[in-house]
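Student: Below are the sequence and a predicted model; questions follow.
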Amino acid sequence: MRQRSSKALALTAVLIGLAGAPALPQAEAPQVKKTAATFPAFSYEPGGRRDPFKDLFGGTTVREKKTATGLPDLMIEDVVIMGIVATKGKSEAIISLAQGFPITIREGDRVADGFVLAIREGQVIFRKTVDSKGIPLAKPRDIIKEITQEER
């Protein structure tokens, strides 16, 4: 037991000696200058080619399929006239959407490929201004939709 306590005492003395000893000088780390990475300025020269950073359609949307969910999506060819209501000199046409839901339209209302030009007794005249792909027509044309005999 005495031998153990003398070993413990010797170990304690060594530890105390290390704690009181001056620290060894450490090698200094080399100074590194931190600089921001600089990249060369980017510029694009099209050289007669299409600019890949420009929107191809110029912000306009292209219709992919014919779906009718309301007047903005309704194509003139898809319009089915169900009836015409005239009150106080103003006429409204009742049309059917693709799902069979009726809505009313008035003169000047816009549809996907044109607008309502006039509503007369038994017929609605549309002016088609763009084709089915959304490209403006050089010469707009009028399309007359009439109420079928079944609907009268």
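Tutor: Good, I have the coordinates.
Student: how close does L56 get to T129?
Tutor: 22 Å (C-beta to C-beta, to the nearest Å). C-beta here means a position set from N, CA and C on the backbone, and glycine is covered the same way.
Student: Compare neighbour counts for those two and give me the winner.
Tutor: A count of neighbours by other C-beta atoms under 10 Å puts T129 above the other of L56 and T129, at 16 against 9.
Student: Show me the strands in this protein, by range?
Tutor: 80-87, 90-96, 102-105, 110-111, 114-120, 123-130, 136-146 (DSSP state E).
Student: so which of the ones you listed comes closest to G48?
Tutor: Closest to G48 of the strands of the chain, according to C-beta to C-beta: strand 136-146, at 26.6 Å.
Student: ok, and for the closest one, which residues are buried?
Tutor: Applying a neighbour-count criterion of 16 or more other C-beta atoms under 10 Å, the buried positions in strand 136-146 are K145.
Student: again, but for stretch 86-103
Tutor: 91-97.
Student: Next, format the residues you listed as JSON lines and append distance to E77 and pLDDT.
Tutor: Below are the buried residues of stretch 86-103 laid out as JSON lines (distance: C-beta to C-beta, whole Å; pLDDT from 0 to 100):
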{"residue": "S91", "distance to E77": "22", "pLDDT": "90"}
{"residue": "E92", "distance to E77": "21", "pLDDT": "92"}
{"residue": "A93", "distance to E77": "16", "pLDDT": "92"}
{"residue": "I94", "distance to E77": "18", "pLDDT": "91"}
{"residue": "I95", "distance to E77": "12", "pLDDT": "89"}
{"residue": "S96", "distance to E77": "13", "pLDDT": "84"}
{"residue": "L97", "distance to E77": "13", "pLDDT": "75"}
